[in-house]
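>>> What shape does this take:
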Amino acid sequence: MGAYLPSWLREAVKWIRKPKRFAARAAVALLLILGGLLSFLPVLGLWMLPLGSLSSPRLLRAIKWADRHWRRWRG
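This next block holds a predicted model:
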């Protein structure tokens, strides 16, 4: 999956997967769990949908497309 991600996201995933980054992984996990508890609310639950489908090639292509256009727009 890493080959499909933009470089900035790939680096973030590499950084957080290092063994000494346990506290960062635990904080991200807790935030995701807390966000998941809000999933029964119609608007607040929608933010989790892209996270659950990150293995989808279409979503990964969309991330790369958005990253390219964002970089072009920012200059």
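>>> what about the helices in this structure?
With helices called from DSSP state H, the chain shows them at 7-16, 22-37, 49-52, 57-74.
>>> Now do the buried residues in the last one.
If you call a residue buried by 16 or more other C-beta atoms under 10 Å, then helix 57-74 has these buried ones: Leu59, Leu60, Ile63. The way it works is simple: take the backbone N, C-alpha and C, and place the C-beta from them, glycine included.
>>> Quick one: neighbours of the nearest residue to Arg21 once chain neighbours are set aside, just the number.
Nearest residue to Arg21 in three dimensions, chain neighbours excluded: Trp15, at 6.7 Å (C-beta to C-beta, 6 or more residues apart in numbering). Counted with other C-beta atoms under 10 Å, residues neighbouring Trp15 total 10.
>>> quick one: Trp15 from Arg58, how far?
Look at Trp15 and Arg58: by C-beta to C-beta, to the nearest Å, they are 26 Å apart.
>>> picking up where we left off before, pretty sure the residue nearest to Arg21 is touching Leu9, no?
No. Counting by C-beta atoms under 8 Å, Trp15 does not reach Leu9; the two are 10.6 Å apart.
>>> Quickly list what's touching both of the two.
Common neighbours of Trp15 and Leu9, using C-beta atoms under 8 Å, 6 or more residues apart in numbering, do not exist here.
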